[in-house]
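Participant: 3D, please:
(one chain, ligands or ions: 1)
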Amino acid sequence: MKVAAGRLDRVYKCYQAAYEEKALEVLRSGWYVLGKEVSTFEEEWAKYIGVKHSIGVGNGLDALCIAFRILNIGFGDEVIVCSNAFIACVIGITTNGALPIFVEPDQYDNIDAEKIEEKITARTKAILAVHLYGQACDMTRIMEIAHKHNLRVVEDCSQSHGNHWQGQCVGAIGDIGCFSLYPTKGCGAFGDAGIITTNDDKLADKVRVFRNYGSRVRYHNEVVGTNSRLDELQAALLRIKLCHMDELNEERRMIAKRYSQGIHHPQIQLPKVRPGADSTWHQYVIHVRNGRRDALMEYLDKNEIGSIIHYPIPPHLSEAYRYLGYQRGDFPIAERYADEVLSIPMYNGMTPEETDYVINKLNLF
Ligand SMILES: *Cc1c(COP(=O)(O)O)cnc(C)c1O
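Facilitator: The predicted structure follows:
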């Protein structure tokens with residue numbers, strides 16, 4: 001049996017007729033960027049997340065860049081982010097000229113909120129809470145710290161669409177929520193797409209103006225904005241998937257449960273879910289002990305099972321950020337995680353037979 005690390009064709013086939021009918025409708029409409037599909041999707045997304053405003057943008061990185069830009073966070077400012085973040089999280093900060101301040105992750109692979117306060121300085125302006133792998137950060141503690149130190153909170157919910165922290169949807173808790181809607185993400189498009197959420201009227205208005213060349217009225221430019229617009233085709237197709245988000249998340253929870261109950265191996269540590277949190281299982285990330293990760297990956301490959309490392313190089317050690325001056329040893333937990341983590345197959349439409357095949361092969365490693 002062949003089991004890919006991820007696959008998008010299964011969920012496409014599930015809603016194929018609706019997707020194809022809708023795509024033709026948009027193609028024939030004669031209106032392709034920022035139209036009624038986008039505004040309807042924005043309303044539906046806001047309702048789904050439980051926020052006042054949603055604004056569609058070009059992709060997840062743009063969502064982050066725009067969020068920090070409209071919060072006026074830039075040169076001379078510091079933003080706190082987990083040391084095991086995806087590179088886009090850090091680029092969102094540095095594109096605006098701000099400095100990322102790394103905080104190590106905890107046993108749940110998310111930022112260790114108890115280590116945030118020791119990193120706060122007079123220059124700290126925000127915390128970027130990345131809900132990695134589908135699991136919510138400890139938002140209660142993060143919001144408490146932010147209020148105490150007068151910091152903004154931006155949530156990167158790209159891997160956690162529709163996930164909750166103590167009953168509240170992620171992306172509705174901080175000042176701004178940023179979502180990538182890239183095809184592999186929970187509510188994935190058929191190309192690049194992203195969306196920003198907020199309960200703040202003023203911030204929402206700023207995002208709306210900024211994403212479209214800084215203009216509210218065509219050819220009247222209020223600020224030096226950017227072009228980061230969502231197109232009608234993506235929005236229309238995203239609306240179809242959004243209708244099924246809760247059942248898609250539930251399906252991945254069932255796969256994760258099957259994994260967690262079935263995998264028993266002394267060298268494999270299963271993912272832990274923080275009390276009070278839930279996970280949408282964007283990835284099912286195991287930690288492989290004793291330096292055996294790469295051997296396990298090779299073994300899985302031989303058995304035609306795909307797996308991916310999210311992520312092999314922590315941002316502070318990536319070549320792109322050499323200028324920050326960090327060295328190996330500066331963030332030992334993130335560095336260890338980069339050597340241990342492995343995402344095993346997880347996708348909507350994965351069959352129980354495929355899941356059991358992966359479980360059996362893992363147990364025989
Ligand atoms: C995918 C992702 C992004 C970037 O989104 P793009 O749409 O690829 O620009 C940012 N942050 C996280 C956590 C992601 O998973």
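Participant: Over stretch 180-197, what's the mean pLDDT, rounded is fine.
Facilitator: Mean per-residue pLDDT for stretch 180-197: 98.
Participant: Kindly report the same for stretch 42-49.
Facilitator: Averaged over stretch 42-49, pLDDT sits at 98.
Participant: Can you list the neighbours in contact with that stretch?
Facilitator: 52-56, 162, 169, 171-172, 177, 195, 197, 235, 239, 242, 245 (Cβ atoms under 8 Å, 6 or more residues apart in numbering). Every C-beta, even on glycine, is put in place using the N, C-alpha and C of the backbone.
Participant: how about a cut-off of 7 Å?
Facilitator: The contact list for stretch 42-49, computed with Cβ atoms under 7 Å, 6 or more residues apart in numbering, reads 52-56, 162, 169, 171-172, 177, 195, 197, 239, 242, 245.
Participant: what's the answer for stretch 95-102, then?
Facilitator: For stretch 95-102, the external contacting residues (Cβ under 7 Å, 6+ apart) are 65, 68-69, 73-75, 77-81, 83, 90, 93-94, 119, 316, 331.
Participant: Which residue, neighbours along the chain excluded, lies closest to the residue in the chain that the ligand sits nearest to?
Facilitator: As assessed by Cβ to the nearest ligand atom, the ligand sits closest to residue 60 within the chain, at 2.3 Å. In space, and not counting its chain neighbours, residue 60 is closest to residue 180: 2.3 Å by Cβ to Cβ, 6 or more residues apart in numbering.
Participant: contacting residues around that neighbour?
Facilitator: 59-60, 63, 158, 194.
Participant: Which of the contacts of stretch 95-102 are buried? Put it as a ChimeraX command.
Facilitator: Applying 16 or more other Cβ atoms under 10 Å to the contacts of stretch 95-102, the buried members can be selected in ChimeraX as follows:
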select :65,68,69,73,77,78,79,80,81,83,90,93,94,316,331
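Participant: Pull the number of nearby residues for residue 245.
Facilitator: Using other Cβ atoms under 10 Å, residue 245 has 16 neighbouring residues.
Participant: Count the residues that sit near the residue of the chain closest to the ligand.
Facilitator: 27.
Participant: contacting residues for the residue nearest to residue 5 when sequence neighbours are not counted?
Facilitator: Residue nearest to residue 5 in three dimensions, not counting chain neighbours: residue 306, with 3.3 Å by Cβ to Cβ, 6+ apart. Residues in contact with residue 306 (Cβ under 7 Å, 6+ apart) are 3-5, 345.
Participant: Equivalent analysis for residue 38, please.
Facilitator: 56, 230, 232, 235.
Participant: Need the three-state assignment for it.
Facilitator: When classified by DSSP: H, G, I helix; E, B strand; the rest coil, residue 38 comes out as helix.
Participant: Report pLDDT for it.
Facilitator: Per-residue confidence (pLDDT) for residue 38: 98.
Participant: Name the helix or strand for the residue nearest to residue 114 when sequence neighbours are not counted, please.
Facilitator: With sequence-adjacent residues excluded and distances taken as Cβ to Cβ, 6+ apart, residue 114 is closest to residue 141, at 7.4 Å. In the assignment (DSSP states H and E), residue 141 maps to helix 139-149.
Participant: Just the CA atoms of the longest strand anywhere in the chain, as PDB, please.
Facilitator: For the chain, the longest strand by residue count, based on DSSP state E, is strand 124-130. Output of strand 124-130 as PDB, limited to C-alpha atoms (Å, rounded to 0.1, in the frame of the first residue of the first chain):
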ATOM      1  CA  THR A 124       8.500  44.900  22.700                       C
ATOM      2  CA  LYS A 125       5.300  45.800  20.800                       C
ATOM      3  CA  ALA A 126       3.600  42.500  20.100                       C
ATOM      4  CA  ILE A 127       3.300  38.700  20.600                       C
ATOM      5  CA  LEU A 128       2.800  36.600  17.500                       C
ATOM      6  CA  ALA A 129       0.900  33.500  18.700                       C
ATOM      7  CA  VAL A 130       1.400  30.700  16.200                       C
END
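Participant: Centre of the chain to that strand, how far?
Facilitator: Distance of strand 124-130 from the chain centroid (Cα atoms, centre = their mean, to the nearest Å) equals 15 Å.
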